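In: Sequence unavailable; structure follows:
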């Protein structure tokens, strides 16, 4: 140790102190306490009255005074005082008598009491650039010596490295922290998205969420309430980034709790909305579809708060109905009064599509939007596919359409399809005028189909009988009507499925007409009423559905 | 009676049957198909026949039409004879 101190001309004691500071600096630290340590070490080692540290702030090009709690912090330019001279020259400046030095500036060089005598001004340098300046004033017994200069430089070299490293670490940590926060928010959000579709007999579902950036605001959820009812949610919080993601997550969590506690849809809807009104910041709101699918009644009752348009694909005529929202978005204000939920009936083969704005508003390079037309086209062509494949086709088409234009908004799609009557197998449909004159073409249609599918010829008469009965009923009871009647024939797994659809008519449930007592004697037998009775006897299964002015009768017949 | 006794044909069929003063045996060998409207025609005719003293006898009824007659309880009202297989 003595040799070393002698060769550098440093006091052993000074070396030890520097080493001590260095050791402390090596441990995890925060900048403010480090600077206090450095200042204290400098003052002590150099036996000075006071030590002040300024840090260089690259953004403003100024030096910022540390160790003071004033707000805003004191800043000094680089062209004033000994401070500035040191900063510009990147060299140590030893001033034996400050009054005599023209560069001295009492304001910047901090001579509040007008009694500063001598000063040692030392730059912190790292990779040839300024990190800060250390100024020590008023050595106990006389001006600062050459040795003091070397001690100060050594100390400054050590400190510069640490200060710079700390600043870099801090900015890295902040970036990391933000990054982690985003990742965490995303994880929370993704963990609340259903990872697989609940098994629902008679239904096929697919859902997918494609965020536009790190954290999208869309969310969807499927919560089985009991064996026949499934809660369905699609939510879309305004804007992008963490904020909306948390709004969506919060809403999902609240809804799940409320529903599990058995609340009904209207109560859940208004309570969650009121909560969001309180919790969400002013410019935030959530558009949402909240619905309950009843798989035994094949109905969805729902509220669509600012969420729309909703897709209802009708299998009978392969058309897409686009339904409007039922109320304004959630989190905006308390609902003044609440209508009962809307009800949508799903016929076999129908599809309910919950599709977020990102799909309709996807633009191509010419500024055209994909729109509901884009979706309708995909549905008409691919509706018979399993929902997961249909969803993939839809996404594919949107991406194809947008081309090089990047995705601007989150895309969330949820498709709920009711199984068609004949899954796998063919169905043909024709429309017939409402007249008895249609009977011959109808019989021909049936005969051709049975022949084409090589179906047991024994089915022909019973099927014709049933179809004639049902068709003539439709003609008889809505005679003034313009619209044609649809007849569809399907064949799968050896079973023939026949469907008749009458449009824009009042309901008439053919499965519920009174049975006929066939044991009555002739005199008591009525002429009418026999037909539907026989139809019910002869069909293997028969079902009546009515929705949106449309009567649908579906029956099946299997040979043997 | 031959062909198909469907709704479109019923009026004609009824006219024809009404013209027979005492219907007795109706040969349904050529009848491929009967609809509920057709059943109505037969029932009406049967009521008239019974009122006149003697019910109808429906012969050479094929399997399909025989099934319908059974579902409709016509086998209790008419004398129905199946066609020879």
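Out: That came in fine, so what should we check first? It should be emphasised that the depicted structure is a prediction, and the values quoted were computed from it without experimental measurement.
In: pLDDT below threshold where in the chain?
Out: Reading this off chain A. Across chain A, the ranges flagged by pLDDT under 70 are A:1-30, A:70, A:172-196, A:213-217, A:237-254, A:256-258, A:260-263, A:421-425, A:479-481, A:527-528.
In: Hmm, no, I was thinking of chain B.
Out: Within chain B, the segments meeting pLDDT under 70 span B:1-3, B:7-8, B:21-23, B:85.
In: Spell out which residues of it are next to chain A.
Out: B:4, B:6-8, B:32-37, B:39-40, B:43-44, B:46-47, B:50, B:55, B:64-65, B:67-68, B:71-73, B:76-77 (Cβ under 8 Å from any Cβ of the partner chain). Bear in mind the C-beta positions are built from the backbone N, C-alpha and C, glycine included.
In: of those residues, buried ones?
Out: For the residues of chain B next to chain A, a neighbour count by 16 or more other Cβ atoms under 10 Å in any protein chain shown gives the buried set as B:4, B:6-8, B:32-37, B:39-40, B:43, B:46-47, B:55, B:64-65, B:67-68, B:71-73, B:77.
In: what about the helices in chain B?
Out: Applying DSSP state H to chain B gives helices spanning B:7-18, B:36-52, B:63-71, B:74-77.
In: again with the stretch 201-350 of chain A
Out: For the stretch 201-350 of chain A, the helices defined by DSSP state H, counting those that start in this stretch occupy A:242-260, A:265-279.
In: picking that back up, how about JSON lines for the helices of chain B, with distance to residue A:157 added?
Out: Shown next, in JSON lines, are these (distance: least, Cβ to Cβ, whole Å):
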{"stretch": "helix B:7-18", "distance to residue A:157": "109"}
{"stretch": "helix B:36-52", "distance to residue A:157": "108"}
{"stretch": "helix B:63-71", "distance to residue A:157": "108"}
{"stretch": "helix B:74-77", "distance to residue A:157": "116"}
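In: what's the closest of these to residue A:330?
Out: Closest approach to residue A:330 among these is made by helix B:36-52 (54.8 Å; Cβ to Cβ).
In: who's in contact with the closest one?
Out: Applying Cβ atoms under 8 Å, 6 or more residues apart in numbering or on different chains, the contact partners of helix B:36-52 are A:465, A:468-469, A:472, A:522-523, A:525, A:527-528, A:530-531, A:534, B:5-7, B:9-10, B:13-14, B:17-18, B:22-24, B:34, B:55-56, B:58, B:68, B:72, B:74, B:77-78.
In: In ChimeraX, select just the buried ones from those.
Out: Command for ChimeraX that selects the buried part of the contacts of helix B:36-52, burial taken from 16+ other Cβ under 10 Å:
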select /A:465,468,469,472,522,525,530,531,534 /B:5,6,7,9,10,13,14,17,23,34,55,56,58,68,72,74,77,78
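In: what's residue A:408 in contact with, if anything?
Out: A:212, A:358, A:361-363.
In: same thing but at 6 Å, please
Out: Neighbour list for residue A:408: empty [criterion: Cβ atoms under 6 Å, 6 or more residues apart in numbering or on different chains].
In: any idea which element it lies in?
Out: Per DSSP states H and E, residue A:408 falls between elements, in no helix or strand.
In: And it, how close does it get to residue A:354?
Out: 20 Å (Cβ to Cβ, to the nearest Å).
In: can you map out the helices along chain A?
Out: For chain A, the helices defined by DSSP H occupy A:2-8, A:12-26, A:31-45, A:81-89, A:146-192, A:242-260, A:265-279, A:357-360, A:371-382, A:387-402, A:439-452, A:460-477, A:530-538.
In: Quick one: closest of those helices to chain B.
Out: helix A:530-538 (3.0 Å; Cβ to the nearest Cβ).
In: The closest one close to chain B?
Out: Yes. Counting by Cβ under 6 Å from any Cβ of the partner chain, chain B is contacted by helix A:530-538 at A:530-531, A:534, A:537.
In: same for that helix, what does it pack against?
Out: Under the contact definition 3 or more Cβ pairs under 6 Å, 6 or more residues apart in numbering or on different chains; DSSP states H and E, helix A:530-538 sits against helix A:460-477, helix B:36-52.
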